[in-house]
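A.B. asks: model this:
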Amino acid sequence: MAEIVFELRDVWKYRVDARSGQSVPVLQGISAQVRPGSLITVIGPSGAGKSTLLWLFNRLEDPDRGALFFLGKELAAWNVLELRRRVGLVFQQPVMLSGTVEENLLYGPRLIKREEEVEPRALLSQVGLSGDMLNRPAHELSGGEQQRVALARTLVNEPQVLLLDEITSSLDLESEKIIEEFILELNRKGLTCLWVTHDLDQARRLDGETWVLIGGRLVETGPTRQIFAGPRHSLTAAFLRGNLRGEFGGEIS
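C.D. replies: Model prediction:
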């Protein structure tokens, strides 16, 4: 049996509410497994804890209670740099390093003396960009172009897992489809992907597994088609009908 990639056991995460000064749960008792080769879309209302959940996998944050494992080993026991080479994260707002597009793409490989193995033009082509952009200052690119460079920069490290946080929200429809097809192809080749998205049509198109996060709780998981066609939980059904608003981002009982 293939080794579980990630396992969450009763994971909780808290934040201090700015108005009340009280500690409130952002994630509540999350227990789930991520299997090798999965393509998981994470959906739910704004403020439901979707991005926070994704950040835990990359150790940008740690759980306050519970345990999180990567390849059978507790996440906190991994060397952070090694973990982040294996588990790549692309943010909703791309962060460009100073210098050219090529320098951005070669940043990671240079740290581990692998830059000779990288073909920057091929990387850009994979994400729908021209190789002629290599010498352009990265900060001069449009938001959509920066997002695709950020994706290529993450993939150059050949991660085992790819975490995607609303990465197509600033892209036009054509660019969005290019990225979706590219990620689907990587997934077909065995890359495990978790994709936070607010776009329910996108979740349907990706058609893998879906996790529904509402009020910090993982209320439902399953094949995407099954969840959209016949949700088992009343909160999932209400969310898919558009009947949940921001108040459901907080704690639910």
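
A.B. asks: longest helix anywhere in the protein?
C.D. replies: Ranked by residue count under DSSP state H, the longest helix found in the chain is helix 173-188.

A.B. asks: what ranges does the stretch 51-200 of the chain have for its helices?
C.D. replies: 80-86, 101-111, 120-126, 143-155, 173-188, 200-206 (DSSP state H, counting those that start in this stretch).

A.B. asks: and the second one, which residues are buried?
C.D. replies: Pointing back at helix 101-111 there. Buried residues in helix 101-111, counted by 16 or more other CB atoms under 10 Å: Val101, Glu102, Glu103, Asn104, Leu105, Leu106, Gly108, Pro109. (Each C-beta comes from the backbone N, C-alpha and C, glycine too.)

A.B. asks: and the first one, what does it touch?
C.D. replies: In this structure, Val101 makes contact with Pro120, Leu124, Met133, Leu134, Asn135, Arg136, Pro137, Ala138, Leu141, Val149, judged by CB atoms under 8 Å, 6 or more residues apart in numbering.

A.B. asks: now those as a markdown table including distance to Lys189?
C.D. replies: Listed next are the contacts of Val101 as a markdown table, based on distance: CB to CB, whole Å:
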| residue | distance to Lys189 |
| --- | --- |
| Pro120 | 21 |
| Leu124 | 19 |
| Met133 | 25 |
| Leu134 | 25 |
| Asn135 | 30 |
| Arg136 | 29 |
| Pro137 | 32 |
| Ala138 | 27 |
| Leu141 | 27 |
| Val149 | 22 |
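
A.B. asks: neighbour-wise, which one of those residues leads?
C.D. replies: Val149 (25 neighbours; other CB atoms under 10 Å).

A.B. asks: just the terminal-to-terminal distance for stretch 91-110.
C.D. replies: Terminal residues of stretch 91-110 are spaced 22 Å apart (CA to CA, to the nearest Å).

A.B. asks: check stretch 71-83 too.
C.D. replies: 11 Å.

A.B. asks: which residues does it contact?
C.D. replies: Glu3, Ile4, Val5, Leu56, Phe57, Asn58, Arg59, Asp62, Ala67, Leu68, Phe69, Phe70.

A.B. asks: any idea of the mean pLDDT in stretch 28-41?
C.D. replies: For stretch 28-41, the mean pLDDT works out to 97.
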